[in-house]
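Chemist: let's see this in three dimensions:
(2 chains)
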Amino acid sequence: MTQKRKAERRIKSVAGTSNKNFDPHESYNPIPWQVIAIALALAAWGIITLATTREMAESEPEVTQGTGADERLSKAVDAEMSDGRQLFVTNCSTCHQNNGSGIEAAVPPLAGSRYVLAEPEVPASIVLFGIQGEIEVAGDTYRGRMPTFGNELNDEQIASILSYVRNSWGNQASAIEAGLVAEQRRRFAERTTPWAGGAALAETFGIPATSRPTASVATSEESH
Amino acid sequence: MNFTIGTLLAFSFAASLIAIAALIWAISTHQFRITESDARTVFGDEEGGKLDDPTSPHSDSHPSAVDPALSPEWRRLLIVMFVTATAWLVFGSIFGLIASLKLHLPDWLTGSAALTFGRMRTMHLNSVIYGFLSLGGVGAALWLVPTLFKTHLHKPRLAMLGAVIWNLAVFAGVIVIGAGWNDGLEWLEIPWQIDIFLAIGGACFAIPLLYTAAARRVNHIYVTGWYYLGGLVWFPVLFLLANLPGVHSGAQQATTNWWFAHNVLGLWLTPLGLGAAYYFIPKIIGKPIYSYRLSLLGFWALALFYSQVGMHHLIGGPVPTWVVSLSVVQSVMMVVPVVAVAINQHTLSLGNLWAWRESLPLRFVALGAILYTLASLQGSLEAVRAFNTVTHFTHYTVAHAHLGAYGFVALVLFGGIYYMLPRVTGRAWPMPWAISLHFWLVVAGFAVYFISLTIGGWLQGLAMLDATRDWLASMEVTLPYLAGRSLGGALMTLGHLVFAANLAVLFFGRTRRFEDDSDDVATPATATSTGA
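Modeler: Here you go, the predicted structure:
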């Protein structure tokens, strides 16, 4: 009982008063300067963030993926290569990208690739059977699996894809005829598995598995 | 520079900044004729300065008999709102608990499609958002708006019709979700055919409140009124635009989806919760908020910055970078209104710790307000890309959503209902000990829930980012924390059952009416006891 009264007294003393004539004091509390400082700091941060985002959106990175890259390529492509380009976009660009850059540590680039620019029989055989195993392109080693396209695409389609790839993104090499692709099909008619990486290609076509030590090979590649 | 929608939105950000700067200038140079005495509007004709709590035996303002301004129709309406809200809370909690258990007991309750995780979780969400929180929040508004405007509720029968339609629509929505029919978008699952009835029900709530606001007998609209009227304008726009069938598709639909889903929290539940907190904290303690001018800044900054916050859910998604960046910036700008509200409410509640001991409703409301501050600051942090990289697609986000929707809005509503129902019914809570039990159950349960999911979610995010670990490792690491979530959820559900039992006894049990204590009865100068 006394405890209850004590509690009541406590409330009255802390809460102010229960007096009906309680004076509502006109305390004027302005906006604390800290709040204004926070607002200003955040506004500045927001403007900078949005401005840098705009820069990001407007800059043109060297390696572009998606439709943007597609647009810029089309200027360089003439009419007779358009089939090859279309087939490349449908069958190859998911991995090798529209601009032939590949994907770092996963898919080798086609732009400047020794294998793309080698004797026509090399790229034709690669597209026909695919690759499974280590392969070194432009100084990096890849351990991926390239699908077998021999069953999906006919000789003319493979030839026009390769002609496009060998003459895009700075590549310059001879166009490839459908007859050459057909010839490779006959030559490797017994083959049922993909090429076991750069080593198997070296064994079959004599193209070195690594590009580093041999300057002479490099010149022979460039002669095409 | 090309003129794009991005430019337009960047301008809207600039306009918001200019508006906030102008507002701060206007407040600082006394352009507004608002004074601290306006902050005392909550006390009505009384002077304040004393504890006001119908559940406390120590309250100086003894809980009177039924508020004489309440017409029978108005009273029935409020009872229906709070009772159905509580029913939805109980159902929603049970659905949520089942969904939570299924995450670590996947072989439990697999017999029926309606009991699968996807449907249980969705039924939980819709029950608690559209059932419990919306009905409870609007119920509080239907009491507070007329009370603050010193008038009675206009058109209470229309509002009652709204309560019936809204309840039936949520019921139909939850049933069809259980049956497998939904719109397939998070927070918008209820099929649009049923949404039409939610819209009608919502209009039936809004129209009486607008009539009441138009007939106000005060010169000044207290800050609670701003939030309620703001929410009343914002939510119908959000709800209609997001639910229009066949308008949005693809990435645009995802953008609309998250724009809506986040705005339900920020422009609907937040105004309902903050409006109530801005009333109950000063009203119960008996002292005005710290700085009434600051509350202006808090309200307008919310209005200006919130609407574009939601797209931070699409960080890494297939939408333009500027959409996400703008959303990230707006999310971080939300710190401004949150700090404003925090200073106003917490200086008052934390400066009067005696009231926490004395008043259980205040404990709920003031703790809820503190959790609002924490949830909002956490939300701003989660929107930043570097942080989002870890927490996106993890249970961390789930913990955060519950901190806002449960820690903040639900706790404020619990306190509000404990305060309001004695005033509405004229009966004291039959089991005062149950209020305390409810408080400690849900606080302990929610602490277990939140801490478990926050830690588990963070570890999950780190495991998903670690390319050397199998993806399955990111699930296995969460298992003990998911069990912790179920434990916390079970405690919360138990607390809700205690709450519902207290409510049931209040209405059906042997109840104690307040003694007539005419000295303390707050009699408005013009008591209007008849409805519109």
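
Chemist: any weak-confidence spans in chain A?
Modeler: A:1-28, A:54-82, A:212-224 (pLDDT under 70).

Chemist: show me where chain A has helices.
Modeler: Listed in chain order, the helices of chain A (DSSP state H) span residues A:2-15, A:33-58, A:67-74, A:82-91, A:93-96, A:114-117, A:121-129, A:155-165, A:178-187, A:197-205, A:215-222.

Chemist: what angle separates the fourth one from helix A:155-165?
Modeler: In this case it means helix A:82-91. Per axes from the mean of the first three to the mean of the last three Cα atoms, to 10 degrees, the angle that helix A:82-91 makes with helix A:155-165 is 90 degrees.

Chemist: what comes up buried for helix A:82-91?
Modeler: Buried residues in helix A:82-91, counted by 16 or more other Cβ atoms under 10 Å in any protein chain shown: A:84, A:85, A:87, A:88, A:91. Any C-beta I mention is one placed from the backbone N, CA and C, and that applies to glycine too.

Chemist: check which helices and strands it sits against.
Modeler: helix A:67-74, helix A:155-165 (3 or more Cβ pairs under 8 Å, 6 or more residues apart in numbering or on different chains; DSSP states H and E).

Chemist: swap the cut-off to 6 Å and go again
Modeler: Here helix A:82-91 touches helix A:155-165, going by 3 or more Cβ pairs under 6 Å, 6 or more residues apart in numbering or on different chains; DSSP states H and E.

Chemist: who touches the helix it packs on?
Modeler: Residues outside helix A:155-165 that contact it (Cβ atoms under 6 Å, 6 or more residues apart in numbering or on different chains): A:81, A:83-85, A:87-88, A:110, A:116, A:123, A:127, A:175-178, A:181-182.

Chemist: packing partners for the helix or strand in which residue B:194 is found?
Modeler: In this assignment (DSSP states H and E), residue B:194 forms part of helix B:192-214. Judged by 3+ Cβ pairs under 6 Å, 6+ apart, helix B:192-214 is in contact with helix B:134-148, helix B:156-179, helix B:223-243.

Chemist: how about the first one as PDB, C-alpha atoms only?
Modeler: Output in PDB follows, covering the C-alpha atoms of helix B:134-148 (Å, rounded to 0.1, in the frame of the first residue of the first chain):
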ATOM      1  CA  SER B 134      -3.700  -2.400 -42.400                       C
ATOM      2  CA  LEU B 135      -6.800  -3.100 -40.400                       C
ATOM      3  CA  GLY B 136      -5.200  -2.200 -37.100                       C
ATOM      4  CA  GLY B 137      -3.500   0.900 -38.500                       C
ATOM      5  CA  VAL B 138      -6.600   2.200 -40.200                       C
ATOM      6  CA  GLY B 139      -8.500   1.300 -37.000                       C
ATOM      7  CA  ALA B 140      -6.200   3.600 -35.000                       C
ATOM      8  CA  ALA B 141      -6.600   6.300 -37.600                       C
ATOM      9  CA  LEU B 142     -10.400   6.000 -37.400                       C
ATOM     10  CA  TRP B 143     -10.100   6.800 -33.700                       C
ATOM     11  CA  LEU B 144      -7.200   9.300 -33.700                       C
ATOM     12  CA  VAL B 145      -8.200  11.500 -36.600                       C
ATOM     13  CA  PRO B 146     -11.600  12.500 -35.200                       C
ATOM     14  CA  THR B 147     -10.100  12.700 -31.700                       C
ATOM     15  CA  LEU B 148      -7.300  15.100 -32.800                       C
END
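
Chemist: how far away is residue B:505 from chain A?
Modeler: In this structure, residue B:505 and chain A are 25 Å apart, going by Cβ to the nearest Cβ, to the nearest Å.

Chemist: ok, that residue - how many residues close by?
Modeler: Around residue B:505 there are 16 other residues, counting by other Cβ atoms under 10 Å in any protein chain shown.

Chemist: skip the chain neighbours and tell me the closest residue to residue B:23.
Modeler: residue B:300 (5.5 Å; Cβ to Cβ, 6 or more residues apart in numbering or on different chains).

Chemist: quick check: angle from the helix or strand harbouring that neighbour to helix A:33-58?
Modeler: For residue B:300, the element it lies in under DSSP H and E is helix B:292-305. With the same axes, to 10 degrees applied, the angle from helix B:292-305 to helix A:33-58 works out at 10 degrees.

Chemist: beyond helix B:292-305, next helix or strand please.
Modeler: Per DSSP H and E, helix B:292-305 leads on to helix B:321-333 as the next helix or strand towards the C-terminus.

Chemist: how about residues contacting stretch B:126-138?
Modeler: With contacts defined as Cβ under 6 Å, 6+ apart, stretch B:126-138 is touched by B:81, B:84-85, B:88-89, B:91-92, B:95, B:170, B:173-174, B:205, B:269, B:272, B:409, B:413.

Chemist: among the residues you listed, the buried ones, what's the ChimeraX command?
Modeler: Here is the ChimeraX command that selects the buried residues among those (16+ other Cβ under 10 Å):
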select /B:81,84,85,88,89,91,92,95,170,173,174,205,269,272,409,413
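
Chemist: nearest to residue B:330, of the contacts of stretch B:126-138?
Modeler: For these, the minimum distance to residue B:330 (Cβ to Cβ) is 18.1 Å, reached by residue B:269.

Chemist: show me what contacts the closest one?
Modeler: Counting by Cβ under 6 Å, 6+ apart, residue B:269 makes contact with B:133, B:409.

Chemist: and it, what's its pLDDT?
Modeler: Per-residue pLDDT puts residue B:269 at 96.

Chemist: CA atoms of stretch B:27-37 as CSV?
Modeler: Presented in CSV, the C-alpha positions along stretch B:27-37 are these (Å, rounded to 0.1, in the frame of the first residue of the first chain):
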residue,chain,number,x,y,z
ILE,B,27,11.6,26.6,-40.5
SER,B,28,14.8,28.2,-39.3
THR,B,29,13.5,31.7,-40.1
HIS,B,30,10.1,31.2,-38.6
GLN,B,31,8.1,31.3,-41.9
PHE,B,32,5.6,28.9,-40.4
ARG,B,33,3.3,29.9,-37.7
ILE,B,34,3.6,26.7,-35.8
THR,B,35,4.8,26.7,-32.2
GLU,B,36,5.4,24.2,-29.5
SER,B,37,1.9,24.8,-28.3
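
Chemist: how near is residue B:246 to chain A?
Modeler: Separation of residue B:246 from chain A (Cβ to the nearest Cβ): 27 Å.

Chemist: coming back round to it: the helix holding residue B:300 packs against which elements?
Modeler: When contacts are defined as 3+ Cβ pairs under 6 Å, 6+ apart, helix B:292-305 packs onto helix B:5-28, helix B:335-350.

Chemist: name the residues that touch the longest one?
Modeler: Spelled out, that is helix B:5-28. Contacts of helix B:5-28 (Cβ under 6 Å, 6+ apart): A:31, A:36, A:43, A:50, B:293, B:300, B:301, B:304, B:322, B:326.
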